[in-house]
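In: From the sequence below, what's the structure:
(one chain, ligands or ions: 1)
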Amino acid sequence: MIQINELTKVYKLTKKQMMEQKTKKKMMKAVDKVSLVSKPGEIYGLLGPNGAGKTTVLRCIATLLKPTQGEISVSGYDTVKESEEVRKRIGFLTNEIKLDPQFSPKYMFTFFGRLHGLDDKTIEERREKLFAYFGIKDFEDKKIDELSTGMKQKASIAVSLVHDPEVIIFDEPTTGLDIVTARSVTDYLKMMRDEGKTVIISTHIMTEAEKLCDRIGIIIKGNLVLEGTLDEILNSTNTRDLEDAFFELYKIHNKEGE
Ligand SMILES: Nc1ncnc2c1ncn2[C@@H]1O[C@H](COP(=O)(O)OP(=O)(O)OP(=O)(O)O)[C@@H](O)[C@H]1O
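Out: The predicted model follows:
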């Protein structure tokens, strides 16, 4: 279970960032009082456009960023005060975390397994299962550097699951993957959901959110503007699909200067 209570994250901008973003403001509020609950046995999807704050929310849950205000608990542990306990229980995937290019998927899997305190037999069993499922065996001994984007993503996913975490936090898990590989990832997420794990993902792909997520939170400019099952979202926006619902909300919540 993930419980987020009024999470606000403000970034201090460097001079370079101020120039790039053409702003005189020294602070940037990326997430504004977001509250949500992601439950075991459910896939929660954070859906939003580029820069909406999805990665920031997921990084705060994963203890990589400290909230400016608000609290987050994962399986009852506070992400700031009990970050070690949280880290033991989560599998985190993000595009920005790269596997060491010099090593192979097999080496990285064993390395992270040992880091989590697993014995070699358990690591081997998990590797067999995950590498077979994601079709990693054919390239398990190749250097990460020599792998395609899809192969790297598959290896990163397997490594993030080495300790069989109860909470899965995946930032845009299918970005850059072909349709076959993307389906194997979303099927795996469903399997973990059905095993009773807590799964939260971010996406900007409407069909993925529609098909995969049990509940969807729509985030625009750092605000969680609507949350619910697909049916609840369509009912409350009086629309027929998620894309239409999203644009209805976008018109209201993306006004300049807000
Ligand atoms: N380290 C940082 N310093 C300053 N600003 C940042 C930093 N990280 C993110 N931001 C800004 O915070 C806002 C939210 O970014 P975030 O990456 O959380 O959005 P996102 O919804 O994940 O976007 P995307 O879909 O493009 O990955 C953006 O305006 C971004 O430029």
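In: is the ligand contacted by the helix or strand bottoming out on mean pLDDT in the chain?
Out: Taking mean pLDDT, DSSP states H and E as the measure, the chain has helix 15-20 as its least confident helix or strand, at a mean of 86. Yes. Residues of helix 15-20 contacting the ligand under CB under 6 Å from any ligand atom: Gln17. All C-beta atoms are positioned from the backbone trio N, CA, C, and that covers glycine.
In: how much space between Glu82 and the ligand?
Out: As judged by CB to the nearest ligand atom, to the nearest Å, Glu82 and the ligand stand 24 Å apart.
In: Apologies, that question was intended for Met206.
Out: Met206 is 13 Å from the ligand, where distance means CB to the nearest ligand atom.
In: Give me the neighbour count for Asp187.
Out: Counted with other CB atoms under 10 Å, residues neighbouring Asp187 total 12.
In: make that Phe103, sorry
Out: The number of residues packed near Phe103 is 15, by other CB under 10 Å.
In: hang on, it is in a strand, isn't it?
Out: No. Applying DSSP: H, G, I helix; E, B strand; the rest coil, one finds Phe103 to be coil, outside a strand.
In: so what's it up against?
Out: Phe111, Lys143, Ile144 (CB atoms under 8 Å, 6 or more residues apart in numbering).
In: I'd say Asn5 and Ile72 touch.
Out: Yes. Proximity of Asn5 to Ile72 meets the contact threshold set by CB atoms under 8 Å, at 7.3 Å.
In: ok, those two, which is more surrounded?
Out: Using other CB under 10 Å, the more surrounded residue of Asn5 and Ile72 is Ile72, with 23 against 15.
In: excluding its backbone neighbours, what's nearest the more buried one?
Out: Distances taken as CB to CB, 6 or more residues apart in numbering put Thr79 closest to Ile72, at 4.4 Å, once the chain neighbours are dropped.
In: Would you confirm that the one you found contacts Gly70?
Out: No. Checked against CB under 8 Å, the pair Thr79 and Gly70 is beyond contact range at 10.3 Å.
In: Between those two, which is the more surrounded one?
Out: Using other CB under 10 Å as the criterion, Thr79 and Gly70 rank with Thr79 on top: 25 against 17.
In: Next, work out how far apart that one and Gly196 are.
Out: To Gly196, Thr79 is 21 Å away according to CB to CB, to the nearest Å.
In: next one: Asp78
Out: Look at Asp78 and Gly196: by CB to CB, they are 23 Å apart.
In: Kindly report the same for His116.
Out: Distance of His116 to Gly196, computed by CB to CB: 20 Å.
In: the more surrounded of those two?
Out: Between His116 and Gly196, counted using other CB under 10 Å, His116 has the larger neighbour count: 14 against 11.
In: Spatially nearest residue to that one (excluding sequence neighbours)?
Out: The shortest distance from His116 to any non-neighbouring residue, by CB to CB, 6+ apart, is to His163 (4.0 Å).
In: ok, how many other residues are close to the one you found?
Out: A total of 21 residues lie near His163 under the criterion other CB under 10 Å.
In: Report the contact partners of it.
Out: The contact partners of His163, taken as CB under 8 Å, 6+ apart, are Lys88, Gly91, Phe112, Gly113, His116, Leu118.
In: Would you mind listing what in the stretch 51-200 of the chain touches the ligand?
Out: Of all the residues in the stretch 51-200 of the chain, those lying near the ligand are Gly51, Ala52, Gly53, Lys54, Thr55, Thr56, going by CB under 6 Å from any ligand atom.
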